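[1] structure, please.
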Amino acid sequence: MSELASHWEALRKQRVIDRKHAALKRMKEEKERQEREFAEEEYRRACILKEQEDQRKQELSNQIKSGSKTAIKKSYRDRERTIQRLQEEREWHDEMIRHMDKKERQDIYTDMMRDHKHKSKVLRDHGIYRGDPKFFIDPQYA
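    You can find the predicted model right below:
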(Lines give C-alpha, C1' and ligand atoms only; values in the text may rest on other atoms or scores of the structure.)
Protein backbone atom coordinates (compact mmCIF):
# COMPACT_ATOMS: atom_id res chain seq x y z
CA MET A 1 0.00 0.00 0.00
CA SER A 2 1.36 3.35 -0.91
CA GLU A 3 1.99 6.05 1.62
CA LEU A 4 -0.84 8.19 0.23
CA ALA A 5 -3.31 5.29 0.33
CA SER A 6 -2.48 4.54 3.96
CA HIS A 7 -2.89 8.26 4.73
CA TRP A 8 -6.36 8.28 3.12
CA GLU A 9 -7.27 5.08 4.99
CA ALA A 10 -6.18 6.62 8.31
CA LEU A 11 -8.28 9.73 7.58
CA ARG A 12 -11.29 7.56 6.78
CA LYS A 13 -10.91 5.58 10.03
CA GLN A 14 -10.59 8.83 11.97
CA ARG A 15 -13.82 10.15 10.38
CA VAL A 16 -15.62 6.94 11.40
CA ILE A 17 -14.31 7.30 14.95
CA ASP A 18 -15.28 10.99 15.02
CA ARG A 19 -18.81 10.18 13.84
CA LYS A 20 -19.07 7.49 16.51
CA HIS A 21 -17.98 9.90 19.25
CA ALA A 22 -20.37 12.57 17.97
CA ALA A 23 -23.25 10.08 18.02
CA LEU A 24 -22.36 8.96 21.56
CA LYS A 25 -22.20 12.60 22.67
CA ARG A 26 -25.62 13.32 21.12
CA MET A 27 -27.10 10.26 22.83
CA LYS A 28 -25.63 11.31 26.18
CA GLU A 29 -26.97 14.88 25.80
CA GLU A 30 -30.42 13.55 24.83
CA LYS A 31 -30.47 11.27 27.86
CA GLU A 32 -29.46 14.13 30.17
CA ARG A 33 -32.17 16.35 28.63
CA GLN A 34 -34.81 13.67 29.19
CA GLU A 35 -33.68 13.19 32.79
CA ARG A 36 -33.86 16.96 33.38
CA GLU A 37 -37.36 17.12 31.90
CA PHE A 38 -38.46 14.16 34.01
CA ALA A 39 -37.05 15.77 37.17
CA GLU A 40 -38.79 19.07 36.36
CA GLU A 41 -42.09 17.27 35.76
CA GLU A 42 -41.78 15.39 39.06
CA TYR A 43 -41.03 18.65 40.85
CA ARG A 44 -44.09 20.30 39.27
CA ARG A 45 -46.30 17.36 40.30
CA ALA A 46 -44.97 17.50 43.84
CA CYS A 47 -45.64 21.25 44.00
CA ILE A 48 -49.19 20.81 42.71
CA LEU A 49 -49.90 18.03 45.23
CA LYS A 50 -48.50 20.14 48.06
CA GLU A 51 -50.65 23.10 47.00
CA GLN A 52 -53.76 20.91 46.89
CA GLU A 53 -52.97 19.45 50.32
CA ASP A 54 -52.38 22.91 51.75
CA GLN A 55 -55.65 24.12 50.24
CA ARG A 56 -57.56 21.17 51.77
CA LYS A 57 -56.00 21.83 55.16
CA GLN A 58 -56.85 25.53 54.88
CA GLU A 59 -60.48 24.79 53.96
CA LEU A 60 -60.80 22.36 56.86
CA SER A 61 -59.31 24.82 59.33
CA ASN A 62 -61.63 27.55 58.01
CA GLN A 63 -64.63 25.26 58.48
CA ILE A 64 -63.55 24.43 62.01
CA LYS A 65 -62.88 28.08 62.88
CA SER A 66 -66.15 29.29 61.40
CA GLY A 67 -68.08 26.62 63.26
CA SER A 68 -69.69 25.34 60.08
CA LYS A 69 -70.41 21.71 60.78
CA THR A 70 -72.43 21.08 57.61
CA ALA A 71 -69.44 19.78 55.64
CA ILE A 72 -68.44 17.47 58.47
CA LYS A 73 -72.02 16.22 58.86
CA LYS A 74 -72.20 15.69 55.09
CA SER A 75 -69.06 13.55 55.11
CA TYR A 76 -70.47 11.49 58.00
CA ARG A 77 -73.74 11.02 56.09
CA ASP A 78 -71.85 9.96 52.98
CA ARG A 79 -69.83 7.47 55.00
CA GLU A 80 -72.97 6.08 56.64
CA ARG A 81 -74.66 5.72 53.24
CA THR A 82 -71.65 3.88 51.86
CA ILE A 83 -71.59 1.51 54.81
CA GLN A 84 -75.34 0.91 54.47
CA ARG A 85 -74.98 0.22 50.73
CA LEU A 86 -72.12 -2.24 51.33
CA GLN A 87 -74.16 -4.05 53.99
CA GLU A 88 -77.12 -4.32 51.62
CA GLU A 89 -74.87 -5.69 48.88
CA ARG A 90 -73.41 -8.22 51.31
CA GLU A 91 -76.90 -9.31 52.41
CA TRP A 92 -77.96 -9.69 48.78
CA HIS A 93 -74.82 -11.74 48.08
CA ASP A 94 -75.44 -13.98 51.09
CA GLU A 95 -79.07 -14.47 50.05
CA MET A 96 -78.00 -15.47 46.51
CA ILE A 97 -75.57 -18.03 47.94
CA ARG A 98 -78.25 -19.46 50.24
CA HIS A 99 -80.54 -20.05 47.24
CA MET A 100 -77.88 -21.94 45.28
CA ASP A 101 -77.78 -25.66 45.41
CA LYS A 102 -74.72 -27.59 46.58
CA LYS A 103 -73.51 -28.35 43.04
CA GLU A 104 -73.51 -24.67 41.96
CA ARG A 105 -71.64 -23.64 45.09
CA GLN A 106 -69.09 -26.40 44.54
CA ASP A 107 -68.60 -25.33 40.90
CA ILE A 108 -68.03 -21.72 41.91
CA TYR A 109 -65.61 -22.81 44.65
CA THR A 110 -63.68 -24.97 42.17
CA ASP A 111 -63.45 -22.07 39.70
CA MET A 112 -62.25 -19.72 42.42
CA MET A 113 -59.59 -22.21 43.57
CA ARG A 114 -58.41 -22.70 39.99
CA ASP A 115 -58.22 -18.91 39.54
CA HIS A 116 -56.36 -18.55 42.85
CA LYS A 117 -53.80 -21.21 41.86
CA HIS A 118 -53.24 -19.54 38.48
CA LYS A 119 -52.75 -16.11 40.06
CA SER A 120 -50.44 -17.64 42.67
CA LYS A 121 -48.26 -19.12 39.93
CA VAL A 122 -48.11 -15.84 38.04
CA LEU A 123 -47.18 -13.92 41.17
CA ARG A 124 -44.70 -16.61 42.20
CA ASP A 125 -42.91 -16.13 38.87
CA HIS A 126 -42.50 -12.46 39.84
CA GLY A 127 -41.26 -13.30 43.32
CA ILE A 128 -44.48 -12.42 45.14
CA TYR A 129 -46.40 -14.66 47.55
CA ARG A 130 -50.19 -14.54 47.09
CA GLY A 131 -51.17 -16.08 50.38
CA ASP A 132 -53.57 -18.66 51.69
CA PRO A 133 -56.77 -19.09 49.63
CA LYS A 134 -58.97 -18.81 52.72
CA PHE A 135 -58.26 -15.06 52.73
CA PHE A 136 -59.50 -14.64 49.15
CA ILE A 137 -62.33 -17.17 48.86
CA ASP A 138 -65.61 -16.72 50.68
CA PRO A 139 -66.11 -19.64 53.10
CA GLN A 140 -69.82 -19.71 52.27
CA TYR A 141 -69.02 -21.49 49.00
CA ALA A 142 -67.19 -24.36 50.66
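[2] now for whichever strand or helix holds Lys13, which elements pack on it?
    Lys13 belongs to helix 3-66 when assigned by DSSP states H and E. Taking 3 or more C-beta pairs under 8 Å, 6 or more residues apart in numbering; DSSP states H and E as contact, there are no helices or strands that helix 3-66 lies on. Yep, even glycine has a C-beta here, placed from its N, CA and C like the rest.
[3] quick check: angle from the worst-scoring helix or strand of the chain on mean pLDDT to helix 3-66?
    The helix or strand of the chain with the lowest confidence, counting by mean pLDDT, DSSP states H and E, is helix 70-99 at a mean of 84. Going by axes from the mean of the first three to the mean of the last three C-alpha atoms, to 10 degrees, helix 70-99 is angled at 100 degrees with respect to helix 3-66.
[4] list the buried ones in the following helix or strand past helix 70-99?
    Toward the C-terminus, helix 70-99 is succeeded by helix 102-125 as the next helix or strand (DSSP H and E). Applying a neighbour-count criterion of 16 or more other C-beta atoms under 10 Å, one finds Arg105, Ile108, Tyr109, Met112, His116, Ser120 buried in helix 102-125.
[5] secondary structure element holding the nearest residue to the last one once chain neighbours are set aside?
    Of all residues beyond its chain neighbours, the one nearest Ser120 is Arg130 (4.3 Å), with distances taken as C-beta to C-beta, 6 or more residues apart in numbering. When secondary structure is defined by DSSP H and E, Arg130 falls outside every helix and strand.
[6] so Arg130 makes contact with His118?
    No - using C-beta atoms under 8 Å as the test, Arg130 is too far from His118 to be in contact (10.1 Å).
[7] quick one: distance of the least confident helix or strand of the chain to the chain centre.
    Helix 70-99 sits 27 Å away from the centroid of its parent chain (C-alpha atoms, centre = their mean, to the nearest Å).
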